[in-house]
Each structure stands twice: as C-alpha cells, then as structure tokens.
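1. Okay, predicted coordinates and the sequence, questions at the end:
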Amino acid sequence: MSVDAAGTLIDVPQWIDQQKLSSLQILVAVICGVAVMIDGFDAQIIGFVAPAVIGEFKVQPQMLAGVFSAGLFGILIGCLFLAPIADWVGRRSIMITSVLVFALATLATAWVNDLDQLMTLRFLTGIGLGACMPNALALTSEYAPMRMRGRITAWMFTGFSVGAFAGGVLAAQIIPAYGWRSMFIVGGILPLLLCLVMVFALPESVRHLAAKKAAPVHIAAILKRIYPDPQLTRDTRFMISEEHARGFTLPHLFKQGRATGTVLLWVMFFLMLFDVFLLASWTPTVLIGAGLSREQAVYAGAAQQAGSVMATILLGPLFDRIGFYRTLVPLLLASAIGVIVMGAAGTNLAVTDTAAFLAGAGVMGGQTTLIVLAGAFYPTFIRATGVGWGLGIGRTGAIVGPLVGGAMLASQWRPEQIFQLAAIPPVIVACLLLVMSRLTRAKRRACVLALMNSGSEP
C-alpha cells in the first residue's frame, strides 16, 4: 500500500492476505460450495438412475453410452465457451446463468419419453454444469487469503463429491419408492432455489473488479465487508500486483512460461476425467454384473464419492503446508490399488466398499484437487479461461470414458478387466505431477536468479 497526491493505492490481493478470514469470504465459499454440490448431484444422477432407465425403456446397457456422452459434451461446450466469458464480464453473472440453465434442463428431464429426449436434455444440462465449476473455483480462490487458499478451495470443492454421494444415497432410497424421474425433480428444484440466493447474496470477485478498473467506491464497499479499514475512503485507488493483459485470453495460457504447465494440466485433466466418468457411469452396472444387488452396487458407487469427500477435506490443509505434488502423488498411486481390488472383490461387499472408498479418494478426490492446482497456477485475468479450458479438454476424456466402458461391456469384458484398465490413468497422472513439480521448481529458481542478477530482492 502506498500514498501519493492522488490518494491511497491499495493492492487488493495483498490487502486480502493481511486480513483475518471474514464472514463475507466464508459466505462466498459456502455459496460456491453449494453450487458445486448441486453440480455434483446433477452430474452424477444419470449414473445412479441408469439401471432403472434401462429397465423402463427396455434397452441394452451400452445404449446409454450416448446419453452419458451427450451430457459430457455439453459440459465440454460450457467449459470451453461459456466459462471463459467470466474473465470479461465477471464470475457472478456467469455463475447465476449457468446454474439457472442446468436447473431448468434437469427439471425438464423428469418428463422425457425416450432416449433421444433424455440425450438432448442431458446436453443442455451439461452446458450449465460446465460453466459453473470453473467460476466457482475462481470466485472462491480470489476471495481467499493466500495462506489458506489451498484448504478453502479444496473444502469448497468437497461440495461436488458431497452432492454425488448424497445423490447415490438418495437414489437407493427414493428410486424404489418414487421412480427414477423423482431424482431429476429434486435435482432441478434445488438449483432454482440456489439461484435466488445467489442473486441477493453473492458478490462479484473483488480481484476481478480491481483488474477491470471498476469504480473504486464499488470495490471499497466490498472490501469493507471483509474489514472496515479506515484507509478505504472515496479517494482510495485499487490495483492487483500480478500479470495482467488485455485482449483474447486463451493465448495467454501459453505465455510467460505457462505453456508446458498448461499442456501437462490438459493431459492430466483428460486422463483423470476419463477415469472419473468411466467409474461414475458404469460402476453400479458393472458391479451388478459381478453379482451384487442393485442397491449394493449403488452404495458402492456412493462409497467412491464418500472417499472423494474425505480425501478433499483431509488434503486441503496439506496443500498449504507441504504443497500439491507431495500430497497428490501418493494418493493417486494408492487409488490405483483400490480400483484393482474393487474389480477383484466379487460379491464380498465389505472389500468392495472399502476398495471403492479408496478408489474414490484418489481418482475422484484427485480430480477435484487437480482443479484446485489449476486455479493456483493461473493469474486472475485468465483464471476462468485456464480452469475452463483445462476442464474442457479434460471433458474429451470424460466423453471417451463412458464410451469405452460401453464398448467393454458390449465386448463382454469381465469386471476385473474393466477395473484393471481404470487403474492405469492415476498412475500416469502421478508420474506427470512429478514432472510438473520439477518444472515448477526450475522456473522458480530461474526467477530468483533473474531477480538477484538484476540487483533486486527475491
């Protein structure tokens, strides 16, 4: 912070880092967490209702692969084209729009009459889902102090797995009583209610406002809700001391030494989302084929989500303490073992559920924390674009995953073979994280040397 003739100049990120965590920052994280929770609930509905849909429409299991992929293709469109708009117009408006889109499309799904209608509405639902998550991450991380950003964003993202887990538990209870369509009614009403809350309670990203040189009085009003600093007056000016540029944001993902990291993130997103949606879409159906009852298979699918929730909660503080890489690599390797055991457990329910919990902790929890890593990798002016494109490229893996699962089922692969294939991606991602860790350290050393050679303090 500095003072000149024009008044006090405040660096917004630095100012936020100096304050205690406020009720406004907690409110932002909670609202974004609820949005992601409903996102997770709606994204996973189709996997939980798949056996019931197959029974009512009298189709072969592999015929649902197109429905799974239609929703994921919609998410791809939302991530690549709708989410990045927030880097121009703001996080808040895009989040409200995206939640409204998937709320209405999910609600309408309760009245479909065939697979074509189901496919169309899952595509529209996916567009809203795809735009929501990158901006929930951006908004949460831009309000969080640096010293707590890892845990706050990670804990916020537990909402996705909480929603998916709740969906599994709810599916096991209400589908037998009220039918599979009731899941879409619940999944549509909840985000409509959230939209109302967001309209009245969710602020715009204050860092985005500072980067876009919004009215100082507007920025000051938001910062005063964090802490009533006497320096925040009508003469105060605001800035952000990080890289910023104008124009099309996508090329900036490959500038200032970000190219290698961006490519590695894209590959990791592809592999992890391939695995997440392969498991989320087909685990209940595959386990039924292995001899479990429908309810037992659904609960095993829910155990994966429970593992993801627990992993994200426990790993959040470790991100801030020892870093992303040291935390994620061992977890991913352990999850590969869990996936293999899940396929080999047969009808042993205790072993299946335990292995599913471990697989969910590493595969689904690892994917969640990979999003947090991407959010930390990019600066404010391209954060929504960076996370959105990472998730968007990854969604090609999410589209391929269910298709591969359907092809394996059609080719009569045994359950253990399917799960052995699903154990490969987390091992590869663990290796890529080690590569990215070395590149990040090398870049940091180069920056320090450049500063020392220029006579500046690092």
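-> Yes, it's here. Numbering: from 1, shown residues only.

2. can you count the residues close to Arg181?
-> Residues near Arg181, counting by other Cβ atoms under 10 Å, number 16. For the C-beta atoms, the positions are set from N, CA and C on the backbone; glycine is no exception.

3. Spit out the contact partners of it.
-> Thr109, Ala110, Trp111 (Cβ atoms under 8 Å, 6 or more residues apart in numbering).

4. quick one: which of those residues is nearest Val89?
-> Thr109 (28.5 Å; Cβ to Cβ).

5. Just confirm Pro203 is within a helix.
-> No: counting by DSSP: H, G, I helix; E, B strand; the rest coil, Pro203 is not part of a helix but coil.

6. and the closest residue to it other than its chain neighbours, what does it touch?
-> Excluding the flanking residues, the one nearest Pro203 by Cβ to Cβ, 6 or more residues apart in numbering is Ile222, at 5.5 Å. Residues near Ile222 by Cβ under 8 Å, 6+ apart: Leu24, Pro203, Glu204, Val206, Leu209.

7. Could you check how far Ile222 is from Pro230?
-> According to Cβ to Cβ, to the nearest Å, Ile222 and Pro230 sit 16 Å apart.

8. list the buried ones in the host helix or strand of Ser161?
-> Using DSSP states H and E, the secondary-structure element containing Ser161 is helix 149-178. Residues of helix 149-178 classed as buried under the neighbour-count rule (16 or more other Cβ atoms under 10 Å) are 149-168, 170-172, 175.

9. helices or strands up against the helix or strand harbouring Ile31?
-> Assigned by DSSP H and E, Ile31 belongs to helix 23-57. Here helix 23-57 touches helix 65-77, helix 91-109, helix 115-143, helix 149-178, helix 181-201, helix 216-226, helix 259-289, helix 294-322, going by 3 or more Cβ pairs under 8 Å, 6 or more residues apart in numbering; DSSP states H and E.

10. just to revisit the earlier point, in CSV: the contacts of Ile222, plus distance to Ile399, neighbour count and pLDDT.
-> Formatted as CSV, those follow (distance: Cβ to Cβ, whole Å; neighbours: other Cβ atoms under 10 Å; pLDDT from 0 to 100):
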residue, distance to Ile399, neighbour count, pLDDT
Leu24, 38, 18, 96
Pro203, 35, 18, 96
Glu204, 32, 21, 96
Val206, 36, 28, 95
Leu209, 36, 22, 94
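
11. Tabulate those (a markdown table), appending distance to Leu403.
-> Shown next, in a markdown table, are the contacts of Ile222 (distance: Cβ to Cβ, whole Å):
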| residue | distance to Leu403 |
| --- | --- |
| Leu24 | 44 |
| Pro203 | 41 |
| Glu204 | 39 |
| Val206 | 42 |
| Leu209 | 42 |
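
12. now, which of those residues sits nearest Arg234?
-> Leu209 (16.0 Å).

13. what about the residue nearest to the closest one when sequence neighbours are not counted, how many neighbours?
-> For Leu209, ignoring the flanking residues on the chain, the nearest one in space by Cβ to Cβ, 6+ apart is Ile219 at 5.2 Å. As a burial measure, Ile219 scores 22 neighbours (other Cβ under 10 Å).

14. Ile219 against Phe238, yeah?
-> Yes: Ile219 lies in contact with Phe238 (Cβ atoms under 8 Å); the separation is 4.9 Å.
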